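Undergrad: structural data only, the sequence is not supplied:
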């Protein structure tokens, strides 16, 4: 093999000086220069197409990443919400004492089932999150075990049940929720960087302007050299490349703008409402503990105030439906009635109010807030999804169109230059 | 140098407290402590009169019918007696999950005080506290009375006052049903045993100081210990027989073993500056001990420990 390859190597080693002299010679003559100009303009025109295709594909990918990460983020927050709903329900049911109301039991079961489903789906949809989700799932198993133990003891009238419930809540807050909070952070970072790329991709097209400038320079040079004002091929090539770049910029830019709107609109609302909803449910558990701890609940009340204040700050953001903060405030006001009764020494009255399912009672007001928050969440998450998933297709299409335009422009350029070269034959 | 001084003082105080505990935490029957220990205690502690040869820890203020009772009047004016209790110590003070009411032997004593003040046993405003909170809620006047398996001892007399003794409990051990241990010494012999006691109790102090052969584990409440026991994270629980009886009632796989190795005189805790309230409570307790109310409560809650003994004799002279 090496022997058969070696012989041709000798002439080629001797060739360069000849070739170089030939190239230099060719460049010193007009047809040679024309050919070089042709190659340059073909490359410039093709570059417009290639850049366009890359930009289109990159934006489509960034959009689908943003969409997937947003979905994952919303999914994790959903699971987090399910868990705090379950805990708030379990602790509130505990206040009732004796037989817990079947509707509350059903609400707890539903929330836990939904959380467990959610955890499994989330682990499947993003490998990067799987480890933390696994830890959260393990914590959830411990949590539900402790709640059942609390329930079994409670049912027999054993006060140790309250201690199990206490431990269950502690496990939820140390072994489950922190993992989910880490994941929420990681996903929201990913969403942010995807949104950033969606926004920055159109700037890639600025490179297209460079290519257009090259085409113009070639034409000016050609006009001087050949004393003709316009070269039809190059002219139409430039027009085509310019049109493709502008068209691409418009389409990709509008997709970026749409994504930007989604980010500062429904996406922001989704994240804010979801966090606020989670905080409110957490506060609801704290409310039950202020009463379960009967008189020693000051720490829990501080937590309640801190969490509802934080929720309120999130709900007054301009992207969020104004009605939600009104509903939250109404519930917090009813919570203050419970505190007033308890602080006034009427613990029984406070508990009766806290567990009442009457219309207008704290549980009812909380349910109104929950329902409104959930439906607002659903619609803003759907809007975000629509905004992100709709533009991806057009970005890809415009990318391919720009490639076609670039190739056409390259052919036109070459034909334009070729005509001039022919004249020298 | 200056930084070491508080530590040294703290150490001295701790030693003095230990001496006091050893000296007079027990019932009147407890052996008298060595004289030099008493001397050390009275030197180190400003309130030297909390306990001495003449005043046992269980000595309280004698009822004084007819005397002015400003603290009781204030409670009556408020319309409610604020009490610090346990809500998870079955038999002594626990929330009945079926009725939602807090009930038990300690609670019965408080109902008696409420009846005496208001003519209504239910003018109680409960504040559920942990063992560790008992002293501070009285020092801060957040409650009027604390009845929460509260052992009377000299160290506590330094900051608060106690009623006369209303129940004599004794420290025992709770182990699993198949355990052969009969005492903490047996557990020490087995080696590698974890024994639980609640934070801020005389039980935990004694466990850590007297039984280095077992690993002392603390939980926020007695019931927290039961959770750890049921989860297999501790091998035994030590505590007053009254409390352990409540645990055994909740867990058929637990048993209380051996003889009591300490006497724990229970008293109602009152703020140190409300002597008139202490006297008033003592009057109520004496009445309950005399008229059979005490025995009825004992039979109702602590029947598992045997038939009602004679109520502890109130000792006065402070």
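TA: In hand now; what should we look at? Here the structure is a predicted model, which is why all the values come from computation and not from measurement.
Undergrad: hey, let's count contacts and neighbours off CA atoms from now on
TA: Fine.
Undergrad: helix/strand/coil for residue B:67?
TA: For residue B:67, the secondary structure call by DSSP: H, G, I helix; E, B strand; the rest coil comes out as coil.
Undergrad: and it, how far from residue B:73?
TA: Summarising the geometry, the distance separating residue B:67 from residue B:73, computed by CA to CA, to the nearest Å, is 12 Å.
Undergrad: more neighbours: those two, which one.
TA: Counted by other CA atoms under 10 Å in any protein chain shown, residue B:67 and residue B:73 do not tie: residue B:73 has more neighbours, with 13 against 10.
Undergrad: ok, the helix or strand containing the more buried one near chain A or not?
TA: Assignment of secondary structure by DSSP states H and E places residue B:73 within helix B:70-78. No - shown here: helix B:70-78 not in contact with chain A (CA under 8 Å from any CA of the partner chain), separated by at least 10.7 Å.
Undergrad: who are the packing partners of the helix or strand just after that helix?
TA: Remark: after helix B:70-78, the chain's next helix or strand is strand B:81-85, criterion DSSP H and E. Based on contacts counted as 3 or more CA pairs under 8 Å, 6 or more residues apart in numbering or on different chains; DSSP states H and E, the elements that strand B:81-85 packs against are helix B:105-118, strand B:124-128, strand B:145-146.
Undergrad: worst average pLDDT in the ones you listed?
TA: If you rank the helices and strands packed on strand B:81-85 by mean pLDDT, strand B:124-128 sits at the bottom with a mean of 89.
Undergrad: who does the helix holding residue B:73 touch, helix- and strand-wise?
TA: helix B:105-118, helix B:275-291.
Undergrad: just how off-centre is the shortest one within its chain?
TA: Right, helix B:105-118. Put simply, helix B:105-118 sits 17 Å off its chain's centre (CA atoms, centre = their mean, to the nearest Å).
Undergrad: dump the helices and strands packed on helix B:70-78 to TSV, plus mean neighbour count.
TA: Conversion of the helices and strands packed on helix B:70-78 to TSV gives the following (neighbours: other CA atoms under 10 Å in any protein chain shown):
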stretch	mean neighbour count
helix B:105-118	22
helix B:275-291	21
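Undergrad: so for chain A, which of these sits nearest?
TA: Proximity to chain A (CA to the nearest CA) singles out helix B:105-118 among those, at 14.7 Å.
Undergrad: residues of the stretch 101-250 of chain B that sit close to chain A?
TA: Contact residues, the stretch 101-250 of chain B versus chain A (CA under 8 Å from any CA): B:125, B:126, B:127, B:128, B:129, B:223, B:224, B:226, B:227, B:250.
Undergrad: and the third one, how many neighbours does it have?
TA: If you count neighbours by other CA under 10 Å, residue B:127 ends up with 23.
Undergrad: try the second one
TA: Per other CA under 10 Å, the neighbour tally for residue B:126 reads 24.
Undergrad: and the last one, by the same measure?
TA: The burial metric for residue B:250, expressed as a neighbour count using other CA under 10 Å, is 19.
Undergrad: burial measure for the residue in the stretch 301-425 of chain A positioned nearest to chain B, as a count.
TA: Among the residues of the stretch 301-425 of chain A, residue A:345 lies closest to chain B, at 5.7 Å counting by CA to the nearest CA. For residue A:345, the count of nearby residues is 20 (other CA under 10 Å).
Undergrad: pretty sure it sits in a helix.
TA: No - checked against three-state DSSP, residue A:345 lies outside a helix; its state is coil.
Undergrad: ok, the spatially closest residue to residue A:86 that is not a sequence neighbour - contacts?
TA: The spatial neighbour of residue A:86 that comes closest, neighbours along the chain excluded (CA to CA, 6 or more residues apart in numbering or on different chains), is residue A:108 at 4.7 Å. Under the criterion of CA atoms under 8 Å, 6 or more residues apart in numbering or on different chains, the neighbours of residue A:108 are A:85, A:86, A:87, A:89, A:90.
Undergrad: which helix or strand contains the fourth one?
TA: Same thing as residue A:89. In this structure, residue A:89 is located in helix A:30-96 according to DSSP H and E.
Undergrad: same question, residue B:216
TA: With the criterion set as DSSP H and E, the secondary-structure element containing residue B:216 is strand B:215-219.
Undergrad: which strands and helices lie in contact with that strand?
TA: Helices and strands in packing contact with strand B:215-219 are listed as strand B:194-198, helix B:202-210; criterion 3+ CA pairs under 8 Å, 6+ apart.
Undergrad: so what's the gap between the first one and the chain middle?
TA: Read it as strand B:194-198. Its chain's C-alpha centre lies 17 Å from the corresponding centre of strand B:194-198 when counted by CA atoms, centre = their mean.
Undergrad: so what strands line up beside it?
TA: On the basis of DSSP bridges, the sheet neighbours of strand B:194-198 come out as strand B:215-219 (parallel), strand B:236-240 (parallel).
Undergrad: would you list the ones you listed in CSV and tack on mean neighbour count?
TA: As requested, the strands paired with strand B:194-198 are arranged in CSV below (neighbours: other CA under 10 Å):
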stretch, mean neighbour count
strand B:215-219, 19
strand B:236-240, 27
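Undergrad: quick one: the ones you listed as CSV, columns for mean pLDDT too.
TA: Below are the strands paired with strand B:194-198 laid out as CSV (pLDDT from 0 to 100):
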stretch, mean pLDDT
strand B:215-219, 92
strand B:236-240, 92
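Undergrad: output those in JSON lines; the columns should cover distance to residue A:209.
TA: Below are these laid out as JSON lines (distance: least, CA to CA, whole Å):
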{"stretch": "strand B:215-219", "distance to residue A:209": "72"}
{"stretch": "strand B:236-240", "distance to residue A:209": "81"}
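Undergrad: which of these sits closest to residue B:151?
TA: Each of the strands paired with strand B:194-198 was scored for nearness to residue B:151 using CA to CA, and the closest is strand B:236-240 (9.7 Å).
Undergrad: measure how the closest one sits relative to helix B:202-210, angle-wise.
TA: With axes from the mean of the first three to the mean of the last three CA atoms, to 10 degrees as the criterion, the two stretches strand B:236-240 and helix B:202-210 enclose an angle of 120 degrees.
Undergrad: buried sites along the helix or strand following strand B:236-240?
TA: Going down the chain from strand B:236-240, the next helix or strand is helix B:241-250, by DSSP H and E. Judged by neighbour count using 16 or more other CA atoms under 10 Å in any protein chain shown, the buried positions of helix B:241-250 are B:241, B:242, B:243, B:244, B:245, B:246, B:247, B:248, B:250.
Undergrad: residues in contact with the spatially closest residue to residue A:414 that is not a sequence neighbour?
TA: Excluding its sequence neighbours, the residue lying closest to residue A:414 (CA to CA, 6+ apart) is residue A:38, at 5.6 Å. Residue A:38 sits next to A:413, A:414, A:417, A:418 when contact means CA under 8 Å, 6+ apart.
Undergrad: checking residue B:161 next. Helix, strand or coil?
TA: Here residue B:161 is strand, with the state taken from three-state DSSP.
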